[in-house]
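**Q** The following block contains a protein sequence and its predicted model.
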Amino acid sequence: MGHDHSHTHGITATGRHRKRLVAVLVITLVVVVVQVVGAALSGSLSLLADAGHMLSDAAGVTIALLAAWIAGRPASDQRTYGYQRAEVLAALANALILIVISVVIFTEAIRRIGSAPEVQTDIMLFAAILGAAANVVSLLILHGAHQESLNVRGAYLEVLGDLMGSFAVIAAAVVIMLTGFQAADTIASVVIALLILPRAWSLLRDVVDVLLEASPKGVEVQMIREHILSVEGVSDVHDIHIWTITSGVPVFSAHVVVEDGVLTARGADQLLDKLVSCLGSHFDTDHCTFQLEPATHSEHEARQHA
């Protein structure tokens, strides 16, 4: 009928920002090497914890990049949406990695309580400042893109946590230099572990929402229902479903009951255009499906379910 039902199965939200992720990955790996060497030379657990956190970030970004590549593969008859959901699975793995890292750091910090070794603060401070500077650069690179993709958001939150972790290491180094209080290094390690958990939980919660096909954040289903009902010729709407395939790819479907006289070839085509236009003004998606039902069919369904 000439109505455009084309859908975009192209680059996902993570794929659009692949270059940013690559840049952050390179920066992160360089800092990890510096901090691991610094931790070995200085004996600082908090610096090693920060390095471990950054290593988990590097793993998460690598997973996100691989997932973006997989998600870009074309759809098939067996996988009609392609591999776009791979990005969500990568974000899930990223969240779990963060949780494991935080538990390991916390356990080691508890083990050191009462027997904190002497720390070489000059090396510790230098590596921590370098890490903080690298994290600031990475945040600037990812800024903006983190609002479009779960994986980029995961990387952004991890880098933000790294920055706070670096500040904790810097503070511990300064305290040890000024007071000789060696336990400050262990305390900083606990702080870093506690910083990781809330961010991991937030990311995990968003991933679970996608996997459970919850409505995207900020979408008011009732408002969309009311606007569809306001379209001329529509008498009812039911079976509304709104979910997310992956970051930046929301999907909508609904059964729309229309007046019998509207369902001519021209009338149906015009009605679909109005519905798509109405939906597009309130919900940004190219993936929308409307099943048009005459009022008589709706009455038939009601009798069947009675």
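**A** Alright, I've got the coordinates.

**Q** Pull the contacting residues for D57.
**A** Taking C-beta atoms under 8 Å, 6 or more residues apart in numbering, we find D57 in contact with T28, A155, E158, V159, D162. (C-beta placed from N, C-alpha, C; glycine too.)

**Q** wait, S102
**A** S102 neighbours (C-beta under 8 Å, 6+ apart): A193, L194, I196, L197, A200.

**Q** Recalculate using a threshold of 7 Å.
**A** The neighbourhood of S102, defined by C-beta atoms under 7 Å, 6 or more residues apart in numbering, consists of A193, I196, L197, A200.

**Q** which one of these has the most neighbours?
**A** Sorting the contacts of S102 by how many neighbours each has (other C-beta atoms under 10 Å) puts I196 first, at 28 neighbours.

**Q** how much space between it and A188?
**A** 13 Å (C-beta to C-beta, to the nearest Å).

**Q** can you check C288 too?
**A** 51 Å.

**Q** out of the two, which sits in the more crowded spot?
**A** Remark: of C288 and A188, A188 carries more neighbours, 29 against 19, as counted by other C-beta under 10 Å.

**Q** Just to be sure, that one is in a helix?
**A** Yes. Assessed by DSSP: H, G, I helix; E, B strand; the rest coil, A188 belongs to a helix.

**Q** Next, the contact list for it, please.
**A** Contacts of A188 by C-beta under 7 Å, 6+ apart are S46, A168, V169, A171, A172.

**Q** Which ones among those residues lie within helices?
**A** In this view, the contacts of A188 that belong to helices under DSSP state H are S46, A168, V169, A171, A172.

**Q** Residues contacting the helix or strand where L272 lies, please?
**A** According to DSSP states H and E, L272 maps onto helix 265-280. For helix 265-280, contacts defined as C-beta under 7 Å, 6+ apart pick out 1-3, 224, 227-228, 231, 233, 252, 256, 258, 262, 288, 290, 292.

**Q** Make a PyMOL selection of whichever of the residues you listed turn out to be buried.
**A** Those of the contacts of helix 265-280 that count as buried under 16 or more other C-beta atoms under 10 Å are selected in PyMOL with:
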select buried, resi 224+227+228+231+233+252+256+258+262+288+290+292
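
**Q** ok so, going back, report the two of the contacts of A188 separated the most.
**A** The span of the contacts of A188, defined through C-beta to C-beta, is set by S46 and A171 at 9.4 Å.
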